[in-house]
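> sharing a sequence plus its predicted fold:
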Amino acid sequence: MDSTILVDSALSNPSPWATGGVVALAIAAVIALVRVMSLHRRVARHSQELETELAHRRRVEVELEATRADLELRVQQRTQALVARNEELTRLRLALEMTNQRLKRLVSADALTGIANRRHFDRSLDREIRRTRRDAQPLSLIFLDLDEFKRFNDTFGHARGDEVLRRVAQTLDETFQRGGDFVARYGGEEFAVVLPGVDARRAGLYAERLRRRIWRLAIPGASTVADRVTISAGVATITPPSTINATGLLRLADAALYRAKCQGRNRVQSASGEDTHLVEVESPPERRAVG
């Protein structure tokens, strides 16, 4: 009973120390609460800022991805356009090269026979003579024509004559196939063969082999020489240190051809020492009317 009275008395009459402690605790609690609330607000504010920044970054990333995709598409389209353009340029370049080659052939080839024409022959002979002097090697020229070809055309017509010229040109092309050998249609029924590095003896043998091949073609002819188309040929050779030029070499071969004609046609003659005076003539000798 007494103890109960003491407790009630203590509660109803607290001491000043107890009251101060309670107040201090309350103040501390309020301060802590304020700090917690302030920290919470700061955390909330930072969280919102982070979310805002994250949302902004996401938008930027989406925009960057869209931009990257657009750039990749543009690059792909540009690349395809460049590839297509390059392919077109390649086709145009190849077409231009083919056109240039055809033009070169048209300029340098004889329209009827397909072998080199006179213009190409003249350039090639000059070039080979310069090379002969530089390399100190012989150079031979075979100059030939079809015997009495005018009579053939008068008898069989020019269409048949053109066919014979094509066959002779083909035989020339098949006969002289060494690297450097050069065959050409000089004009009309005249042909020429340039043989770099070939001396006079071998050139004469090559010319005779050609004559026999034309004979074996057995093309029906109309000349007084034989029952078939035949050729006559003149061979001329220069050997360094000879200074004979292209015109002089042609004169020598032409003189040898003239002798072959005068001796009965269907034969080969080589230039002799008597022909060398021809190189002093300023203009080429006129072709003799021997056929």
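Looks like it came in fine. Residues are numbered from 1 along each chain as shown.
> list the buried residues for the helix or strand where Lys150 lies?
Per DSSP states H and E, Lys150 falls inside helix 149-156. Buried residues in helix 149-156, defined by neighbour count with 16 or more other CB atoms under 10 Å: Phe149, Phe152, Asn153. For the C-beta atoms, the positions are set from N, CA and C on the backbone; glycine is no exception.
> so the second one versus Ala184, what's the distance?
Noted for Phe152: a distance of 21 Å to Ala184, by CB to CB, to the nearest Å.
> now stretch 42-54 - C-alpha only, PDB.
Provided in PDB are the C-alpha atoms of stretch 42-54 (Å, rounded to 0.1, in the frame of the first residue of the first chain):
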ATOM      1  CA  ARG A  42      17.200  15.800 -51.100                       C
ATOM      2  CA  VAL A  43      17.200  12.100 -52.000                       C
ATOM      3  CA  ALA A  44      13.800  12.600 -53.700                       C
ATOM      4  CA  ARG A  45      15.100  15.600 -55.600                       C
ATOM      5  CA  HIS A  46      18.200  13.800 -56.700                       C
ATOM      6  CA  SER A  47      16.200  10.800 -57.700                       C
ATOM      7  CA  GLN A  48      13.900  13.000 -59.800                       C
ATOM      8  CA  GLU A  49      16.900  14.700 -61.300                       C
ATOM      9  CA  LEU A  50      18.500  11.300 -62.100                       C
ATOM     10  CA  GLU A  51      15.200  10.100 -63.600                       C
ATOM     11  CA  THR A  52      15.000  13.300 -65.700                       C
ATOM     12  CA  GLU A  53      18.600  12.900 -66.800                       C
ATOM     13  CA  LEU A  54      18.000   9.200 -67.500                       C
END
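> give the contact list for the residue nearest to the spatial centre of the chain.
Closest residue to the average C-alpha location of the chain: Glu97 at 6.9 Å, with CA atoms, centre = their mean. With contacts defined as CB atoms under 8 Å, 6 or more residues apart in numbering, Glu97 has no neighbours.
> that'll do, ta.
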